[in-house]
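A.B. asks: Sequence isn't available, so here's the structure alone:
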């Protein structure tokens, strides 16, 4: 590839990196433009580690023929198991061990090589392989994202020529910079979702980061905490406490997210969440649906943990509806994007009343009053109570106990939640 088309392709990579073109579109556009300029790439793959609670990194692939491979894929930890064995047999692991930035392999002469995938690539008609490792500096490293791995193949019998290799040496770093930029945006979104919640994260990433910027909204509020968690924590091995909390938090968060809610805060073993929307009646039904799924999740979790001889429990849930302030609260250099207001205090007090009335779910008068007639028929009053720190007494409600014992009633309630 001559100098002029190289510069043109570099400009394209820079402009698309600035606009935020997805990584798989970047590598596809890169490979297609290389081929149009005479650099006959037959396959390209780029890997970049990331900062994510579940997987270690992401990869992006392009082929000159149709395959059943995914263009984008995620990979888990390469520290243990089969993944570790596969990583140690990779060309990239060899390059890191030998401190190599570039490695070329003639796929017509691989009998003495023990790298994974090489035989498969040769069998598919590729003739020459070149791999690059581009390391980031300390200031450019984020979590495990400390370098960019890539390999490139051609079917040409004579392989990549010196001009081809020179072009790849010039162009792949520009591609890597564009992919790194896209990966950092994805990391920011991931961290926001993980630590702030889905809705709060989107608001922060769209610029809602100034202290005091809040909005007044109506929301259905959820507060749950685990039953007897303090005693359980004192009775299990220290190493079991965090897995115990994680298991039950997962059961709650999955249920809330599946029903369309947003988790705002984890407070020890407590979960604060909200359900919003133009139709508050639907938001209340979504909260009830989440509570129902939470119970199912816990039943499955308790069966699994109990079968392993590990501690099990249940949870108290309070539901309320009211006006809250939603936004940034804190100091100039340490903010929390959350909800505040009397309604938030009230839902936590309602949840704390569950143990006193021996009910796992309690709903406020405001929640019950705004529910549709079909939903109200599944609720029964537990009495009138004065909540600690709340100026007025109110009736609290729970699900009709018949739902737990009568199959017809239970089926009717599930149909109501699904409608």
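C.D. replies: Thanks, I have the structure now. Because the structure is a prediction, the values reported are computed rather than measured. Numbers count the residues shown, from 1 in each chain.
A.B. asks: Which residue ranges make up each domain of this protein?
C.D. replies: 3-194, 198-418 (automatic domain parsing).
A.B. asks: Tell me how far residue 327 lies from residue 188.
C.D. replies: Residue 327 is 19 Å from residue 188, where distance means Cβ to Cβ, to the nearest Å. Placement of C-beta: from N, CA and C, glycine included.
A.B. asks: These two: which has the busier surroundings?
C.D. replies: Between residue 327 and residue 188, counted using other Cβ atoms under 10 Å, the more crowded position is residue 327 (23 against 15).
A.B. asks: pretty sure that one is in a strand, no?
C.D. replies: Yes. Counting by DSSP: H, G, I helix; E, B strand; the rest coil, residue 327 is located in a strand.
A.B. asks: Could you measure from it over to residue 220?
C.D. replies: 18 Å.
A.B. asks: same for the strand or helix carrying residue 299, what does it pack against?
C.D. replies: Here residue 299 is covered by helix 280-307, with elements defined by DSSP states H and E. Packing partners of helix 280-307 (3 or more Cβ pairs under 8 Å, 6 or more residues apart in numbering; DSSP states H and E): strand 214-226, helix 238-258, strand 270-275, strand 315-330, helix 373-376, helix 407-418.
A.B. asks: For the last one, buried residues please.
C.D. replies: Buried residues in helix 407-418, counted by 16 or more other Cβ atoms under 10 Å: 409, 413, 416-417.
A.B. asks: Find the residue at the geometric middle of this structure.
C.D. replies: Nearest to the mean C-alpha position of the chain, counting by Cα atoms, centre = their mean, stands residue 190 at 5.8 Å.
A.B. asks: now that one, what's its secondary structure?
C.D. replies: Under three-state DSSP, residue 190 falls in the helix class.
A.B. asks: Please name the residues that touch it.
C.D. replies: Taking Cβ atoms under 8 Å, 6 or more residues apart in numbering, we find residue 190 in contact with 50-53.
A.B. asks: which residues of this protein score low on pLDDT?
C.D. replies: For the chain, no stretch has pLDDT under 70.
A.B. asks: Could you check stretch 128-135 and say which residues are buried?
C.D. replies: Of all the residues in stretch 128-135, those buried under the rule 16+ other Cβ under 10 Å are 128-134.
A.B. asks: make that stretch 358-371, sorry
C.D. replies: Neighbour counts over stretch 358-371 (16+ other Cβ under 10 Å) mark 359-368, 370-371 as buried.
A.B. asks: which SS class is the residue of the chain most remote from its centre?
C.D. replies: Ranked by distance from the centre of the chain (Cα atoms, centre = their mean), the top residue is residue 158, with 44.9 Å. Classification of residue 158 by three-state DSSP places it in coil.
A.B. asks: Repeat that for the one 10 residues further on.
C.D. replies: Under three-state DSSP, the three-state class of residue 168 is helix.
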